[in-house]
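J.: Below are the sequence and a predicted model for it; my questions follow.
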Amino acid sequence: MQSCILGDLSGEFDLQLLKPGPFPILSDLQLIAERLPVDGGRVLELGCGRAETTRRIAAELPVREVIATEVDPVQHEKNLRITDLPKLTFRFGGVESIQQPDGSIDAVIMLKSLHHVPHHLLPQGLREIHRVLRPGGIAYFSEPLYAGDFNEIMRLFHDERLPRENAFDALRAAVDEGLFLLEDEVFFDSISRFEGFAEFEERVLGATHTEFAIDEALYARIRDRFMEHVGPDGVAEFRNPNRADLLRKP
């Protein structure tokens, strides 16, 4: 889908933290299928969370193996209950210490998880990704932009401006140091849907990887802001801007 690729494939372009939208509506799964070496490849996903895209990669793409890691022990235990995908293996652990041999992975994926890595662990984590990738392998980092209606709700109780900037700066430093070559950068919009506030509360406010300090007054503000986006059918739909950086190991 060349029309969605906004980078200059000559290599004469640079990482950009933000860009004005709107962008084409895409999904990470589409970009992974089109741009990563998944045909017969070994894929490592770091920080897989609820493993929603993970399961689709294992079930729908021609991969040889998917290894998915998570640092949240509660979510990891839930993921271990997924036993119907023989190509998929779940492991507990973080990006700073990847339990894989050198050069054993064709593609590394981080979906909205790089900015969750503690700032002081980002350089080590990117070195670990470089270590486990084979030469020519691709690391795919998909991050939310600090923009959009959903971001405005999130920042009421969980402002991620600084962690997202830190994650971007770490990627830029890894490219500047020669750990990776910038293969491409793609800006795209994704759609998120919630069947009312109860689903938002369960999926977002109830996430076990982060504890939020929310009192009754703040809870009411969050709910009121969310309800502004609920349609007559009871569904809230958000168009969320994202950035995907594709970095190749030399």
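T.: Sure thing, it's come through.

J.: Could you list every helix and strand that the longest helix belonging to the chain packs against?
T.: Selection of the longest helix in the chain by residue count, based on DSSP state H, yields helix 161-176. When contacts are defined as 3 or more C-beta pairs under 8 Å, 6 or more residues apart in numbering; DSSP states H and E, helix 161-176 packs onto helix 122-132, strand 133-144, strand 236-248. The way it works is simple: take the backbone N, C-alpha and C, and place the C-beta from them, glycine included.

J.: wait, doesn't residue 173 sit right on residue 123?
T.: Yes - counting by C-beta atoms under 8 Å, residue 173 touches residue 123, with 7.2 Å between them.

J.: Tell me the spacing between the residue minimising distance to the centre of the chain and residue 179.
T.: For the chain, residue 111 is the residue whose C-alpha lies nearest the centre (C-alpha atoms, centre = their mean; 1.4 Å). As judged by C-beta to C-beta, to the nearest Å, residue 111 and residue 179 stand 20 Å apart.

J.: What of residue 224?
T.: 45 Å.

J.: which one of those two has more residues nearby?
T.: residue 179 (20 against 10; other C-beta atoms under 10 Å).

J.: can you pull out the strands in this structure?
T.: Assigned by DSSP state E, the chain shows strands spanning 42-46, 65-70, 88-92, 105-111, 133-144, 181-194, 236-248.

J.: For those, please prepare JSON lines with the additional fields mean pLDDT and distance to residue 22.
T.: Formatted as JSON lines, the strands of the chain follow (pLDDT from 0 to 100; distance: least, C-beta to C-beta, whole Å):
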{"stretch": "strand 42-46", "mean pLDDT": "98", "distance to residue 22": "28"}
{"stretch": "strand 65-70", "mean pLDDT": "98", "distance to residue 22": "31"}
{"stretch": "strand 88-92", "mean pLDDT": "97", "distance to residue 22": "34"}
{"stretch": "strand 105-111", "mean pLDDT": "98", "distance to residue 22": "21"}
{"stretch": "strand 133-144", "mean pLDDT": "98", "distance to residue 22": "15"}
{"stretch": "strand 181-194", "mean pLDDT": "97", "distance to residue 22": "6"}
{"stretch": "strand 236-248", "mean pLDDT": "98", "distance to residue 22": "7"}
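
J.: do you know which of the ones you listed lies nearest residue 153?
T.: strand 236-248 (8.5 Å; C-beta to C-beta).

J.: Which elements pack onto the closest one?
T.: helix 28-35, strand 133-144, helix 149-154, helix 161-176, strand 181-194.

J.: nearest to residue 53, of the strands of the chain?
T.: strand 105-111 (5.9 Å).

J.: Centre of the chain to the closest one, how far?
T.: In terms of C-alpha atoms, centre = their mean, to the nearest Å, the centre of strand 105-111 is found 10 Å from the chain centre.

J.: Likewise for stretch 216-224?
T.: Counting by C-alpha atoms, centre = their mean, stretch 216-224 comes out at 27 Å from the chain centroid.

J.: Over to stretch 18-32?
T.: The answer for stretch 18-32 is 12 Å, by C-alpha atoms, centre = their mean.

J.: end-to-end on that stretch?
T.: One end of stretch 18-32 to the other measures 21 Å (C-alpha to C-alpha, to the nearest Å).

J.: Also stretch 33-53?
T.: Across stretch 33-53, first to last residue, C-alpha to C-alpha, it's 12 Å.

J.: just how off-centre is that stretch within its chain?
T.: For stretch 33-53, the distance to the chain centre is 11 Å (C-alpha atoms, centre = their mean).

J.: wouldn't residue 135 be in contact with residue 103 here?
T.: Yes - under the criterion of C-beta under 8 Å, residue 135 makes contact with residue 103 at 6.9 Å.

J.: And for the spatially closest residue to residue 85 that is not a sequence neighbour, the neighbour number?
T.: Leaving aside its chain neighbours, residue 85 sits nearest to residue 58 (4.5 Å; criterion: C-beta to C-beta, 6 or more residues apart in numbering). By the measure other C-beta under 10 Å, the count of residues near residue 58 is 22.
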